[in-house]
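Engineer: starting from these lines, generate the structure:
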Amino acid sequence: MNGLPDGQPDAPVRLVRPYAMTGGRTLSSYADLEMETLVSTTSRGESSADLSLERRSIALLCRDILSIAEISARLDLPLGVTRVLVGDMADEGLVHVHRPAQAGERPDLALLERVLYGLRTI
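Structural biologist: Here you go, the predicted model:
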């Protein structure tokens, strides 16, 4: 018995604990990645074959620009773990982090066009 009502499938069991995915770290060198920070895969990230399951999943998802929050939700990972993984991948040149514009700064036009394209495809 799985403890679920009859007819419901077993919930997937995560084999690796979230803290193990980050080596127990809660921060990367990309500290303060906001949940709305956008992420896209670089050509290096596209061609890397020796990535862990989670990193490979992030690289595949971010072929389309996604926010940290969307990555976390789609992969069913805690937000903190997603921030560390994305930060590490950015350090390695596997993804590009598009930080939100700060007050007084103009957002990058190319970034806005990519976001608009992403919204239109939804």
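Engineer: assumed residue 64 was part of a helix.
Structural biologist: No. Read with DSSP: H, G, I helix; E, B strand; the rest coil, residue 64 is coil and lies in no helix.
Engineer: name the residues of stretch 78-91 that come out as buried.
Structural biologist: 80-90 (16 or more other Cβ atoms under 10 Å). Every residue, glycine included, has its C-beta placed from N, CA and C.
Engineer: so residue 55 sits against residue 90, correct?
Structural biologist: No. With contact defined as Cβ atoms under 8 Å, residue 55 does not reach residue 90; the gap is 11.5 Å.
Engineer: now do the SS call for residue 97.
Structural biologist: Under the three-state scheme (three-state DSSP), residue 97 adopts strand.
Engineer: how many other residues sit next to residue 45?
Structural biologist: 24 (other Cβ atoms under 10 Å).
Engineer: ok, it to residue 109 distance?
Structural biologist: For residue 45, the distance to residue 109 (Cβ to Cβ, to the nearest Å) stands at 23 Å.
Engineer: output the lowest mean pLDDT helix or strand found in the chain.
Structural biologist: Within the chain, no helix or strand scores below helix 18-21, which has a mean of 56 by mean pLDDT, DSSP states H and E.
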